[in-house]
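Colleague: curious how this folds, go ahead:
(one chain, ligands or ions: 1)
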Amino acid sequence: METDECDSMTLSSAPPLRRGSTPLPIKHQLRREEAVHDDCDWTLGLAGPSPPPISFSLAKDETITSAVEGRPPSEGPFRIALLGQNGVGKSCLAIALAGDLDRTASVDSEGEGYVHTVTVDDEDCTILIYDNWRQDLSDLQCEVCVLVFSVTDRRSFHRTAQLRLLLRETQPLTPIILVGNKSDLVRSREVSTQEALTSASLFDCLYVEMSASLDHRTAELLEYAVRLARGLSPVPPGACGHDMAGGRESITHRAKRFLTSLVPRYPRERERDGGKFFRQKSRSCHDLGAL
Ligand SMILES: Nc1nc2c(ncn2[C@@H]2O[C@H](COP(=O)(O)OP(=O)(O)OP(=O)(O)O)[C@@H](O)[C@H]2O)c(=O)[nH]1
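Modeller: Numbers count the residues shown, from 1 in each chain. The predicted model follows:
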């Protein structure tokens, strides 16, 4: 079928851990250049020369168990594939998910994915995190797909929608998590949380908004992914995830939405209401209409 050149990832046999702020190794820079100069712009399904397939057939070998010395994983390995447009933060996210902070991540025997052992719901498991899928999506084999977009880039959001359509066709049973990354860049935001939630609910998948570089909500994402890989509900019974799509909105979130709907936000609405209370000016630079 096709080669998705624009989904190029940046992990390879280079040193396994890289902070977002450190320069990319030359090999990765070349890959990135290749992607930038490519006109295909994420056109999935086009025929073209495919790079050698990346093997996802990762056995529970010494490499994996060596991720945590002397502590064999009780289950897995679970393969988690990160997909999305270039620059949305997949590499950063892979590093964060792989436990960069405690420096326990290692690279699998193919040199393509991060291996990490995590404990979720009191059970250990091994996860393999890939952010370098470059071939036909129908060849993708993983337990969970994480589709990443940047909340500061609307195009990357649209592309996750395209990708979800394709994944639903090629692998209808693989659980998908939609991730809105770079939530720390509040002022550059182009995609609202509500919009992303609506989109996620259309595809009946989970939505998590996070910041990979600040390591904000990485642990949550990891837990959701592992539970989904185990065939469980991503959120334990009794818990409410406010970013979850599909009608599982928390009471707090619903209450907030209700209250917001009661208070008019824009000047015309305030005029209509005629109340002085609503004429108070906001100095917030996120709501310029209020000034
Ligand atoms: N502010 C902010 N920047 C981020 C975040 N995550 C990643 N970045 C930055 O976004 C840029 C791209 O990050 P990468 O992880 O290389 O993105 P990628 O999706 O792997 O990109 P490709 O390797 O080209 O596919 C880097 O400069 C990161 O430091 C985040 O949560 N917040």
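
Colleague: quick one, helices of this protein?
Modeller: 26-37, 62-65, 90-97, 154-170, 193-202, 218-229, 251-262, 267-273 (DSSP state H).

Colleague: out of the ones you listed, which gets the lowest mean score?
Modeller: Among the helices of the chain, helix 62-65 has the lowest mean pLDDT, at a mean of 36.

Colleague: what's the burial count for E123?
Modeller: 13 (other Cβ atoms under 10 Å). (C-beta placed from N, C-alpha, C; glycine too.)

Colleague: actually A219, not the one I typed
Modeller: Neighbours around A219, by other Cβ under 10 Å: 15.

Colleague: distance check, it against D184.
Modeller: Using Cβ to Cβ, to the nearest Å, A219 is found at 16 Å from D184.

Colleague: with adjacent residues omitted, what lies nearest to L221?
Modeller: Sequence neighbours aside, V208 is the residue nearest to L221 in space, at 5.0 Å (criterion: Cβ to Cβ, 6 or more residues apart in numbering).

Colleague: ok, whichever residue of the stretch 51-200 of the chain sits closest to the ligand - how many residues close by?
Modeller: Using Cβ to the nearest ligand atom, the closest approach of the stretch 51-200 of the chain to the ligand is made by G89 at 2.9 Å. Applying other Cβ under 10 Å, we find 24 residues neighbouring G89.

Colleague: that one: what's it in contact with?
Modeller: G20, V148, S150, N181, K182, A212, S213 (Cβ atoms under 8 Å, 6 or more residues apart in numbering).

Colleague: just the buried residues of the residues you listed.
Modeller: In the contacts of G89, burial by neighbour count holds for V148, S150, N181, K182, A212, S213, counting by 16 or more other Cβ atoms under 10 Å.

Colleague: ok, back up a step: pLDDT value on the residue of the stretch 51-200 of the chain closest to the ligand, please?
Modeller: 94.

Colleague: what does the stretch 101-250 of the chain put close to the ligand?
Modeller: D131, N181, K182, D184, L185, S211, A212, S213 (Cβ under 6 Å from any ligand atom).

Colleague: from those residues, which one has the minimum pLDDT?
Modeller: Lowest pLDDT among these: D131, 83.

Colleague: touching, that residue and C92? I think so.
Modeller: No: with contact defined as Cβ atoms under 8 Å, D131 does not reach C92; the gap is 9.2 Å.

Colleague: and the two? Which one has more around it.
Modeller: D131 (28 against 25).

Colleague: roughly how far apart are the more buried one and V88?
Modeller: 10 Å.

Colleague: remind me which residues of the stretch 51-200 of the chain are low pLDDT?
Modeller: Counting by pLDDT under 70, the stretch 51-200 of the chain contains low-confidence ranges at 51-75, 100-112.
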